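**Q** Sequence first, then the predicted structure:
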Amino acid sequence: MDSIAFWDKVAISVRSRKILQTLLSENPVLEKIIRNSKNVNDVQLAIKNWILPILKRNPSAEKYYYAQENKTNLARELNWQDLAAIRILDYIDHAGQEFPDQNIGGVLAKTNPFKVLWLAAHKGTGGAKSAFFNDMLQLFRQLNGTRALTPPNKKKVKKWMKKYPSGLDSKVEELRKINQKRIIRILIEKIDSGEMSMKKYCFEPGLSFERKQKLMNKWWQESSFHLQFAIRSPEILNEMLDYTLTEETMKTLKKARKKGIPFFVNPYYLSLLNAYTPDYVLGADLAIRCYVIYSKQLIEEFGQIIAWEKEDKVKPGKPNAAGWILPSHNIHRRYPDVAIFIPDTVGRACGGLCASCQRMYDFQSGRYNFNLDKLRPTESWNSRLPMLLQYFKDDAQLRDILLTGGDALMSSNKSLERILNEIYKMAQAKKEENKLRHDNHKFAEIVRIRIGTRLPIYLPQRITPELCNILSNFKNKALQIGIKQFVIQTHFESPMEVTSESKRAIKLLLKSGWAVTNQLVFTAAASRRGHSSKLRKVLNKLGVLSYYTFTVKGYKENANSFAPNARSVQEQMEEKIFGTIPEDQMDFAQNLLHDPQNLVKNVNKLRKKTELPFLSTDRSVLNLPGVGKSMTFRTIGITRYGRRILEFDHDPTRIHSPIIKKMGKVVIIEPKSIDDYLEQLLEMGENPKEYTDVYGYSIGQTEPRMAMYEYPEYDYKVTEEFTNLEI
């Protein structure tokens with residue numbers, strides 16, 4: 001007996017039966033169809049004949065359902081009932097299909113929701129969990145109108161935003177001072193006992209505790225201090241948090257250590273976590289805490305994590321999943337116009353390890369780690385660096401280089417300056433060689449340089465005047481050869497991460513002439529109502545613009561952090577909408593990134609003029625486990641566990657590798673049900689009733705990229721030729 005046939009015979013729970021009874025009693029037509037049908041084929045035919053006339057009431061809905069591609073213009077015309085009707089029909093059209101479910105080791109998962117309902121109603125079997133039945137109950141409430149869409153108004157969103165304090169609030173700053181004092185005291189004790197010993201950071205004999213404390217406060221301003229004293233064990237973490245971690249959490253962290261999961265939390269970032277939480281910051285640090293504390297699912301999966309982004313698997317000289325031929329692991333590429341460059345420096349590490357890190361697969365293989373001394377570049381790197389950058393010079397379409405890691409700013413000033421100088425030489429050579437090419441055969445020249453870093457959050461002490469002088473000097477000379485856009489892309493996850501230290505770091509970066517944009521990972525804790533909106537507002541005040549809101553990537557290992565894509569669409573439609581820039585202000589907004597030194601003034605001028613609480617300049621997307629980013633999807637199925645099956649189209653707003661014409665659509669099985677997600681929010685102190693509409697968001701559309709993020713135009717026509725491509 002295969003596993004699917006096995007589940008057909010498994011009895012459902014009492015709770016599931018009660019939800020089923022409610023579903024059938026609320027929908028007499030559905031009950032009649034299920035009760036009177038002899039088999040699932042009869043059920044599906046009857047339901048289809050019932051739903052199609054409902055769909056025909058809106059011609060746009062009918063066209064959308066039958067369209068081979070997701071049509072943005074049609075999607076805008078769909079009402080709440082249309083979404084339900086389309087999902088029911090999609091469930092029927094994909095009934096019986098099987099998909100490898102990497103959340104359970106690649107076992108085939110079948111979607112056949114109406115068969116499950118028929119088995120449950122006739123035999124009390126089918127093996128489905130209550131999350132499945134509740135999702136179906138909400139679907140038919142959406143269809144029959146008993147669950148109407150009730151989006152929040154602007155006043156409601158602002159009320160939600162007030163729940164989340166910022167790290168700049170005076171009361172929060174006082175808490176952080178207490179945390180810092182406690183951490184420093186413990187570090188002094190460990191240095192005195194010899195448990196921690198650092199050449200640079202040690203005490204002369206006879207120093208009083210007060211003098212040691214004063215010295216430690218001085219060292220606290222140095223990034224190297226925080227890296228050298230980073231907490232690498234659960235026991236020391238618990239001690240630093242005044243032994244407030246639960247026994248269960250400690251067991252989990254110890255298992256993580258046994259599994260070989262790196263552990264690295266620097267003292268500064270640890271000071272943002274509260275040991276004891278007053279009512280006015282209750283739950284405020286959860287989005288930070290979930291970055292530090294590993295989940296049981298991650299520990300169970302570590303060692304067998306499957307790489308999510310297939311195009312990041314690089315074999316030198318061989319095409320990756322997107323068809324791009326790459327010279328080494330130092331370069332990753334998905335799109336024709338941009339590639340990631342990962343130098344062989346300390347930049348392969350970070351200022352800390354995020355529990356839901358997209359590179360956990362590489363930490364698992366040992367390619368990334370926190371042995372900072374071993375990551376320092378060797379002599380061979382000096383010769384390899386210009387050779388690797390030739391890839392960008394000799395490519396017909398590359399115009400954007402994203403310097404990242406790890407974390408690009410973990411590199412020393414000397415290493416970073418050398419990298420930037422070599423990028424300058426490469427861009428200059430590409431421009432000179434282009435002069436020899438005929439019209440219509442010219443290559444795209446480098447017009448954008450980006451640096452990916454989380455150090456303004458993890459380790460703002462790293463952002464120094466010396467570093468910013470390097471950035472400023474590079475920009476000044478790069479402008480002369482046609483590079484026009486200079487962007488620091490960072491990852492603020494919570495308004496509680498915005499501190500006086502990070503504010504100073506952002507100010508220095510903007511002063512250097514580099515714009516700062518933010519990419520938020522939409523974890524379960526970050527997805528709470530008003531949380532992202534508050535973060536956008538706080539960042540806007542500092543002159544930081546939102547760029548991406550990412551769905552958490554990964555399978556079971558990141559299930560705990562994952563917020564369903566339906567919640568991302570809900571937030572996009574119900575909360576971000578209040579930050580939409582009016583059309584008559586788009587010209588002004590488009591030029592914001594051109595003047596980084598005045599970003600604070602200009603962003604807040606725009607917010608004031610338009611009366612917007614924040615600027616929603618970001619796009620909600622998922623990095624597909626195929627090629628590229630998208631939020632264009634339809635919900636085509638649901639597992640017995642209530643986990644939704646989504647079918648993604650590629651982002652229609654940007655150019656992709658030609659391989660997507662062969663790849664087709666990408667199917668993803670989400671790692672948790674909406675029921676599980678709402679239960680998790682309840683544990684975080686949220687009211688699940690404020691999220692109930694999330695069940696109804698079953699279709700997504702990728703938002704267009706803001707004009708400010710588009711590439712500047714060339715004064716010549718770039719060749720249509722692709723190089724370094726093999727399909």
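**A** Arrived safely.
**Q** Show me this structure divided up by domain.
**A** The chain is divided into the following domains under automatic domain parsing: 3-154, 170-301, 317-631+703-709.
**Q** Tabulate these (a markdown table), appending mean pLDDT, mean neighbour count and distance to L682.
**A** For glycine as for every other residue, the C-beta is placed from the backbone atoms N, C-alpha and C. Formatted as a markdown table, the domains of the chain follow (pLDDT from 0 to 100; neighbours: other Cβ atoms under 10 Å; distance: least, Cβ to Cβ, whole Å):
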| stretch | mean pLDDT | mean neighbour count | distance to L682 |
| --- | --- | --- | --- |
| domain 3-154 | 94 | 17 | 14 |
| domain 170-301 | 94 | 16 | 12 |
| domain 317-631+703-709 | 94 | 20 | 11 |
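**Q** any chance of the ones you listed in CSV, plus distance to I645?
**A** CSV is the format used below for the domains of the chain (distance: least, Cβ to Cβ, whole Å):
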stretch, distance to I645
domain 3-154, 5
domain 170-301, 19
domain 317-631+703-709, 11
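**Q** Got phi/psi on the residue in the chain sticking out farthest from the centre?
**A** In the chain, G206 marks the outermost C-alpha relative to the chain mean, sitting 49.7 Å out by Cα atoms, centre = their mean. Backbone torsions of G206, given as degrees, to the nearest 10, read phi 90, psi 0.
**Q** picking that back up, quick one, which of the domains of the chain gets closest to E647.
**A** The closest of these to E647 is domain 3-154. By Cβ to Cβ, the value is 8.1 Å.
**Q** The stretch 301-450 of the chain: helices as residue ranges?
**A** 360-365, 379-393, 413-434 (DSSP state H, counting those that start in this stretch).
**Q** Just put the ones you listed in TSV and tack on distance to G513.
**A** As requested, these are exported to TSV (distance: least, Cβ to Cβ, whole Å):
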stretch	distance to G513
helix 360-365	32
helix 379-393	22
helix 413-434	13
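**Q** Quick one: closest of the domains of the chain to F722.
**A** When the domains of the chain are compared (using Cβ to Cβ), the closest one is domain 317-631+703-709, at 6.3 Å.
**Q** Now do the end-to-end distance for that closest one.
**A** 31 Å (Cα to Cα, to the nearest Å).
**Q** How far away from the center of its chain is that domain?
**A** From the chain centre to the centre of domain 317-631+703-709 is a distance of 13 Å (Cα atoms, centre = their mean, to the nearest Å).
**Q** mind listing the strands for the stretch 451-600 of the chain?
**A** Under the criterion DSSP state E, counting those that start in this stretch, the stretch 451-600 of the chain contains strands at 485-490, 515-522, 545-551.
**Q** CA atoms of the longest one as PDB?
**A** This file holds the C-alpha atoms of strand 515-522, laid out as PDB (Å, rounded to 0.1, in the frame of the first residue of the first chain):
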ATOM      1  CA  ALA A 515      22.100  55.600  -0.700                       C
ATOM      2  CA  VAL A 516      20.900  53.100   1.800                       C
ATOM      3  CA  THR A 517      18.000  50.700   1.100                       C
ATOM      4  CA  ASN A 518      16.500  47.900   3.200                       C
ATOM      5  CA  GLN A 519      15.500  44.400   2.500                       C
ATOM      6  CA  LEU A 520      13.200  42.900   5.200                       C
ATOM      7  CA  VAL A 521      12.800  39.200   5.600                       C
ATOM      8  CA  PHE A 522       9.100  38.600   6.400                       C
END
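**Q** what helices or strands is the longest helix anywhere in the chain leaning on?
**A** The longest helix of the chain (DSSP state H) is helix 170-193. The helices and strands touching helix 170-193, judged by 3 or more Cβ pairs under 8 Å, 6 or more residues apart in numbering; DSSP states H and E, are helix 209-219, helix 234-240, helix 267-270.
**Q** go with 10 Å
**A** Counting contacts by 3 or more Cβ pairs under 10 Å, 6 or more residues apart in numbering; DSSP states H and E, helix 170-193 packs against helix 209-219, helix 234-240, helix 267-270, helix 500-511.
**Q** related to what we said a few turns ago, to K163, which of the domains of the chain lies closest?
**A** Among the domains of the chain, if distance is taken as Cβ to Cβ, the winner is domain 317-631+703-709, at 6.0 Å.
**Q** pretty sure D587 contacts H594?
**A** No - taking Cβ atoms under 10 Å as the definition, D587 is not a contact partner of H594, at 11.9 Å.
**Q** how far away is K9 from G685?
**A** 40 Å (Cβ to Cβ, to the nearest Å).
**Q** I meant to write A11 there.
**A** The separation that A11 has from G685, given Cβ to Cβ, amounts to 35 Å.
**Q** so L108, which of the three states?
**A** strand (DSSP: H, G, I helix; E, B strand; the rest coil).
**Q** Could you give the bridge partners of it?
**A** Legend: beta-bridge partners of L108 under DSSP bridges are P100.
**Q** That one contacts P100, doesn't it?
**A** Yes - assessed by Cβ under 10 Å, L108 is found in contact with P100 at 6.2 Å.
**Q** With K18 as the reference, name the closest of the helices and strands packed on helix 170-193.
**A** Comparing the helices and strands packed on helix 170-193 under Cβ to Cβ, the one sitting nearest is helix 234-240, at 41.7 Å.
**Q** Quick one: list the elements packing against the closest one.
**A** Using 3+ Cβ pairs under 10 Å, 6+ apart, helix 234-240 is in contact with helix 170-193, helix 247-259, helix 267-270.
**Q** let's see it at 6 Å
**A** helix 247-259 (3 or more Cβ pairs under 6 Å, 6 or more residues apart in numbering; DSSP states H and E).
**Q** What segments of the stretch 201-350 of the chain are strands?
**A** 331-333, 338-341.
**Q** What are the contacting residues of the longest one?
**A** Counting by Cβ atoms under 6 Å, 6 or more residues apart in numbering, strand 338-341 makes contact with 331-333, 398, 400-404, all of which sit outside it.
**Q** ok, now stretch 497-509?
**A** Residues contacting stretch 497-509 (Cβ under 6 Å, 6+ apart): 166-168, 456-457, 460, 463, 468, 488, 516, 538, 542.
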